[in-house]
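Trainee: Here is my input, please return the structure:
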Amino acid sequence: MASQQPDHEAYEWFFGSGDKEAAKQWRIQMARQMASGLRIVVQDTVTNNEVVSIKVIEYPTFISPVAMRKKGGGYEKFDPENETDQQELRRQAATALASWLSRYRGCAENFGVNVSAIEDITKVLRDVKEDVA
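Mentor: Predicted coordinates for the structure are as follows:
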């Protein structure tokens with residue numbers, strides 16, 4: 001059993017804190033999982049000369065701003081009309097896509113998938129001023 005192997009390299013990850021701290025971290029992780037699955041849907045209707053266009057956009061209900069995480073962080077209600085919230089969501093989206101590329105690029109390319117569109121999306125979300133074409 002790992003708890004009886006204090007010299008194991010992963011010992012501190014699992015047994016480096018007491019039960020109280022482990023329970024707290026478990027509860028925080030449960031809250032993160034719950035909040036990350038919540039979504040809001042925004043409908044925008046545009047009418048021009050009797051042509052109706054409906055645009056549906058899905059957003060997370062809550063976001064956890066990265067800059068506030070070192071101070072204890074927490075989740076904040078996402079406001080699609082707030083540019084600061086939009087910037088934070090784009091930053092997190094770009095980070096997640098870059099992480100996906102880092103982990104799965106080889107697998108996808110080996111299977112013949114061109115991942116350049118994901119790279120382009122990541123650059124746009126990060127507001128990289130390069131030729132994206």
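Trainee: you'd agree R105 is up against V115?
Mentor: Yes: at 5.7 Å, R105 counts as touching V115 under the criterion of Cβ atoms under 8 Å. Every residue, glycine included, has its C-beta placed from N, CA and C.
Trainee: Counting neighbours around each, name which of these two comes out higher.
Mentor: Each of R105 and V115 has its neighbours counted (other Cβ atoms under 10 Å); V115 has more, 17 against 14.
Trainee: Tell me the pLDDT of that one.
Mentor: Reading off the confidence values, V115 has pLDDT 96.
Trainee: for I121, same thing?
Mentor: 96.
Trainee: Could you find the closest non-adjacent residue to it?
Mentor: Once flanking residues are discounted, I121 sits nearest to L97: 6.2 Å by Cβ to Cβ, 6 or more residues apart in numbering.
Trainee: Report the buried residues of the helix or strand the one you found falls within.
Mentor: Assigned by DSSP states H and E, L97 belongs to helix 83-110. Applying a neighbour-count criterion of 16 or more other Cβ atoms under 10 Å, the buried positions in helix 83-110 are 85, 88-89, 91-92, 94, 97-98.
Trainee: Could you identify the most distant pair in these?
Mentor: Pairwise distances across those peak at 20.5 Å for D85 and A98 (criterion: Cβ to Cβ).
Trainee: List the residues that contact the nearest residue to P65 once chain neighbours are set aside.
Mentor: Nearest in space to P65, with sequence neighbours left out and distances taken as Cβ to Cβ, 6+ apart, is E88 at 5.2 Å. Counting by Cβ atoms under 8 Å, 6 or more residues apart in numbering, E88 makes contact with 63, 65-66.
Trainee: In CSV, list these along with secondary structure.
Mentor: Putting the contacts of E88 into CSV (DSSP: H, G, I helix; E, B strand; the rest coil) gives the following:
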residue, secondary structure
I63, strand
P65, coil
V66, helix
